[in-house]
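Student: Just need the structure, nothing else, for what follows:
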Amino acid sequence: MEAVARARYIRMSPRKVRQMIDIIRGKNAQEALAILKSSPRKSSHILKKVLESAMANAENNFNMNQDALYVHRAYVDEGPIIKRFRPLGMGRGTIIKRRTSHITIIVKEREEG
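Tutor: Reported below is the predicted structural model:
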């Protein structure tokens, strides 16, 4: 049994979010929360909320034990790119890509024994 939580259309580059998600993947849920709380990165705040949501889903929807949960899978997909233009000299313009992310965290109960 596994519980899922998703955050979609997050206004942050998937590359930056993946740096933090690689650290917490496979870890105990409580340990991953501690890592995210102590991290200064902007993405850690969003990941903390998604992980807390997945843990709450596991407890409320599937009656899983909070202490036995671990991050089974965690991944970030690229969302739609918002395109903006910035003027340059001599009448030129350049495109600015505002990237978005779709974050998915799946938690599972650790098997005893």
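Student: pLDDT score for residue 113?
Tutor: pLDDT, residue 113: 52.
Student: where does this structure have low pLDDT?
Tutor: 113 (pLDDT under 70).
Student: Now do the strands in it.
Tutor: All strands of the chain, identified by DSSP state E, fall at 2-10, 69-78, 82-87, 93-98, 101-109.
Student: Tell me which of those strands sits nearest to residue 49.
Tutor: strand 2-10 (7.2 Å; C-beta to C-beta). Every residue, glycine included, has its C-beta placed from N, CA and C.
Student: helices or strands up against that closest one?
Tutor: Packing partners of strand 2-10 (3 or more C-beta pairs under 8 Å, 6 or more residues apart in numbering; DSSP states H and E): helix 42-62, strand 101-109.
Student: what residues does that strand touch?
Tutor: 17, 46, 49-51, 53-55, 57-58, 61-62, 64, 72, 79-80, 100-108 (C-beta atoms under 8 Å, 6 or more residues apart in numbering).
Student: Let's see that with 6 Å instead.
Tutor: 46, 50, 53-54, 57-58, 62, 72, 79, 100-108 (C-beta atoms under 6 Å, 6 or more residues apart in numbering).
Student: Same check on stretch 105-113?
Tutor: Contacts of stretch 105-113 (C-beta under 6 Å, 6+ apart): 2-5, 29, 50-51, 54, 58, 64, 68-74.
Student: Mark which of the residues you listed are buried, thanks.
Tutor: 3-5, 29, 50-51, 54, 58, 64, 69-72, 74 (16 or more other C-beta atoms under 10 Å).
Student: related to what we said a few turns ago, so which of the helices and strands packed on strand 2-10 is the most packed in?
Tutor: strand 101-109 (a mean of 21; mean count of other C-beta atoms under 10 Å).
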